[in-house]
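Trainee: mind looking at a prediction? Sequence and model below.
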Amino acid sequence: MKVQDIMAHLEAKHPGESEYLQAVREVLESIEEVYNQHPEFEKAKIVERLVEPDRIFTFRVTWVDDKGEVQTNLGYRVQFNAALGAYKGGLRFHKAVNVSMLKFLGFEQIFKNSLTNLPLGGGKGGSDFDPVGKSDAEVMRFCQAFMYELWRNIGPDQDSPAGDVGVGGREIGYLYGAYKKLAREHSTGALTGKSYGWGGSLIRPEATGFGAIYYVERMLKEKKESLKGKKIALSGFGNVAWGAATKATELGAEVVAISGPDGVVEIKGGMDKKMIAYMLDLRASGKNIVEPFAKKFSKVSKFTAGKKAWSVKCDIACPCAFQNELDEKDAKQLIKNGVQYVAEVSNMGCQPGAIAAFQAAGIPFGPGKAVNAGGVATSGLEIAQNAAHYNWTSEEVDAKLHKIMNDIYDMCVQYGKEKDGSINYVKGANIAGFMRVANAMLAQGTI
Ligand code: GLU
């Protein structure tokens, strides 16, 4: 396999799908050497098969807004790869959603899910529906209309969507209600991220953030350091940033920044429980702005419009919001300000130039597909509980999540250790994720 040739072919075939091409290039560059040591992969054309989704559904979603006006959006589900299990991955509701974005997310999901060591294939879906400023009733009607189309193609042994940007517990509830009615089945494993009490798992809302901080803890331990007293800058203020802020604070770190599309809030001395809880209110307001946080906690925090979290001095930087949110310029500013660790919690949160800058400066960089895998891992645990008609306690779920994150970390080190002793976590995650999928594809024949 030659990365250049595969990429040239894909660029010609999928022009303009820049995010998808970016995600594929990163994986191929990481695995090239190992791949070429396995002639059986080349013979079975594993890479050529892996880069194309099994199928993509695109559908119209028509719903009626509160003014009685008819609205039309596009809905999608990319079923990317099912070598390891039924398709699994979130639904994203965001105005910028398109096929390229969902293909990149679906592609990443294959390797991330593989890293969890659970039986999960890779998929992703969503819509260009913009939840900002929509009423609860509008969100419900949209979710129901979305499910009219999708319900036939999901199920616990087929495809199990979850939340992602713009899709949280409320949306999963509405989606599941519609699914149950259409499928005439209380088949809880068809969606994850459900509320506790009717199929949801304890710790699922916290899981992505908790898992990320468990991974960061290991990155620090590698250098004989701990989170105690470390300053962390997070971007975003949604579910993922909330979980990370909770665990980081519990382990003694100071969360010194959160951010939104409107700007950044700098927090002196880190966050307390009240501030962390207020992040949930901010998100629930549906306005997608972070400024009210600085107004509410004005004694210790300051809002700066138009600035990113990366302008705040920190020891650890964790993008938790959106893809490509941290660029090379941001990376250089963070390095200048003395950042010591970077862990991507959002999928593909850092641009390639930023990752290269961190790596060149010798700053350990944890890639999204490993760092944020705790979310989908806990979705896998939710499906297991659903199948067993049984609920584990918070402690049980958290212990399993912690173990999975430790195992992921160990695999990244195993496959990512360089000759000079440094750890290339990007390479490690990509190779470890790829090997499981490739071997399963080989075993299942050319199909
Ligand atoms: N959207 C999350 C992710 O990017 C969770 C997916 C899931 O739980 O299926 O991994």
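Mentor: Now that the structure is in, tell me what you want to look at.
Trainee: where do the strands sit along the stretch 1-150 of the chain?
Mentor: Ranges of strands in the stretch 1-150 of the chain, per DSSP state E, counting those that start in this stretch, are 55-64, 70-81, 87-93, 122-127.
Trainee: wait, a helix at residue 411?
Mentor: Yes - checked against DSSP: H, G, I helix; E, B strand; the rest coil, residue 411 lies within a helix.
Trainee: residues contacting it?
Mentor: 115, 428-429, 432 (CB atoms under 8 Å, 6 or more residues apart in numbering). Just so you know, the C-beta spots here come from the backbone N, C-alpha and C atoms, and that holds for glycine as well.
Trainee: for the ligand, find the nearest of the strands of the stretch 1-150 of the chain.
Mentor: Nearest to the ligand among those is strand 87-93; the distance by CB to the nearest ligand atom comes to 2.6 Å.
Trainee: circling back: can you redo the strands of the stretch 1-150 of the chain as TSV with mean neighbour count, distance to residue 246 and mean pLDDT?
Mentor: Listed next are the strands of the stretch 1-150 of the chain as TSV, based on neighbours: other CB atoms under 10 Å; distance: least, CB to CB, whole Å; pLDDT from 0 to 100:
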stretch	mean neighbour count	distance to residue 246	mean pLDDT
strand 55-64	15	34	98
strand 70-81	20	31	98
strand 87-93	28	20	98
strand 122-127	30	26	98
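Trainee: would you turn these into JSON lines with distance to the ligand?
Mentor: Formatted as JSON lines, the strands of the stretch 1-150 of the chain follow (distance: least, CB to the nearest ligand atom, whole Å):
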{"stretch": "strand 55-64", "distance to the ligand": "17"}
{"stretch": "strand 70-81", "distance to the ligand": "12"}
{"stretch": "strand 87-93", "distance to the ligand": "3"}
{"stretch": "strand 122-127", "distance to the ligand": "8"}
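Trainee: closest to residue 183 out of those?
Mentor: Residue 183 sits nearest to strand 70-81 of all the strands of the stretch 1-150 of the chain, at 15.4 Å, using CB to CB.
Trainee: what's the angle from the closest one to strand 87-93?
Mentor: 150 degrees (axes from the mean of the first three to the mean of the last three CA atoms, to 10 degrees).
Trainee: strand 70-81 vs strand 55-64, what angle?
Mentor: Using the same axes, to 10 degrees: strand 70-81 against strand 55-64 is 160 degrees.
Trainee: strand 70-81 to strand 122-127, inter-axis angle?
Mentor: Going by the same axes, to 10 degrees, strand 70-81 makes 170 degrees with strand 122-127.
Trainee: pairing partners for strand 70-81, with directions?
Mentor: strand 55-64 (antiparallel), strand 122-127 (antiparallel) (DSSP bridges).
Trainee: surely residue 130 and residue 94 touch.
Mentor: Yes - assessed by CB atoms under 8 Å, residue 130 is found in contact with residue 94 at 7.0 Å.
Trainee: the two: which is more packed in?
Mentor: Counting neighbours by other CB atoms under 10 Å for residue 130 and for residue 94 shows that residue 94 has the greater number, 19 against 15.
Trainee: hang on, the earlier thing: turn the strands paired with strand 70-81 into a markdown table, columns for distance to residue 154.
Mentor: Putting the strands paired with strand 70-81 into a markdown table (distance: least, CB to CB, whole Å) gives the following:
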| stretch | distance to residue 154 |
| --- | --- |
| strand 55-64 | 10 |
| strand 122-127 | 9 |
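Trainee: circling back: could you dump the strands of the stretch 1-150 of the chain into a markdown table with distance to residue 289 added?
Mentor: Below are these laid out as a markdown table (distance: least, CB to CB, whole Å):
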| stretch | distance to residue 289 |
| --- | --- |
| strand 55-64 | 25 |
| strand 70-81 | 23 |
| strand 87-93 | 18 |
| strand 122-127 | 22 |
